[in-house]
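Chemist: Fold the following.
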Amino acid sequence: MNTLTKTAFASALALGAFTATTPAIAGDEGIVVQSQAAMEEWSQDVTRSLNRGLIQSERFSNTRPKSGIVQVRFTVGADGKAENVSLYRSSGHAPTDRVATRAVRWIARLDDAPVQNLRDQTFQANIIFAPDAPEHEALARKLEQMESARMASSGAEESVVTLGG
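Modeler: Here you go, the predicted model:
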């Protein structure tokens, strides 16, 4: 499979973008990124960890994810691992959703994210599963539209650190 985005990863049949975007500061509840360079480095580390998690999750579940977008929300626990992992938006295929949420749970070392108030921060992983480059590109466009609509829907959404898309 091809690497298709700035910090992309590929697992057996999945291509997913997992890049940290520079969050906007929204009033008192805004996200303050301590350093864009540090955020990019952290994002690359998380991408590698998530990639390993996707591969392990597929093997563990013996599941071939179907093409689609999965959005997973989580916080970072005191042990530096993802906790309060929940499906924010389903792909419509439960086994694919399970592969994505399990992979997020397996991400190592989230505790060095360069954001203030890390333990209070909500993160969202946008994961694209696609069998080839054209499908990935189409799903990436769809994800961009979904994310634009989500951000416009509520001021509270501005405080979510979005990874991918």
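
Chemist: Helix, strand, or coil at residue 109?
Modeler: Per DSSP: H, G, I helix; E, B strand; the rest coil, the secondary structure class of residue 109 is coil.

Chemist: For residue 128, grab the count of nearby residues.
Modeler: Applying other C-beta atoms under 10 Å, we find 28 other residues in the vicinity of residue 128. C-beta here means a position set from N, CA and C on the backbone, and glycine is covered the same way.

Chemist: Settle this for me: it is touching residue 66, isn't it.
Modeler: No - Residue 128 lies out of contact with residue 66 (C-beta atoms under 8 Å); the separation is 11.8 Å.

Chemist: does the most centrally placed residue in the chain count as helix, strand or coil?
Modeler: A centroid search over the chain (C-alpha atoms, centre = their mean) returns residue 125, at 1.8 Å, as the residue closest to the centre. At residue 125 the chain is in strand, as set by three-state DSSP.

Chemist: Where do the helices of this protein begin and end?
Modeler: 36-61, 94-105, 133-153 (DSSP state H).

Chemist: Same list (these) but as a markdown table, adding mean neighbour count.
Modeler: Formatted as a markdown table, the helices of the chain follow (neighbours: other C-beta atoms under 10 Å):
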| stretch | mean neighbour count |
| --- | --- |
| helix 36-61 | 18 |
| helix 94-105 | 22 |
| helix 133-153 | 14 |
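
Chemist: mind putting the ones you listed in a markdown table, mean pLDDT and distance to residue 115 included?
Modeler: Output for those, formatted as a markdown table (pLDDT from 0 to 100; distance: least, C-beta to C-beta, whole Å):
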| stretch | mean pLDDT | distance to residue 115 |
| --- | --- | --- |
| helix 36-61 | 87 | 8 |
| helix 94-105 | 95 | 17 |
| helix 133-153 | 94 | 18 |
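
Chemist: now the ones you listed as JSON lines including distance to residue 78?
Modeler: Listed next are the helices of the chain as JSON lines, based on distance: least, C-beta to C-beta, whole Å:
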{"stretch": "helix 36-61", "distance to residue 78": "18"}
{"stretch": "helix 94-105", "distance to residue 78": "15"}
{"stretch": "helix 133-153", "distance to residue 78": "29"}
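
Chemist: closest one to residue 111 among those?
Modeler: helix 36-61 (10.3 Å; C-beta to C-beta).
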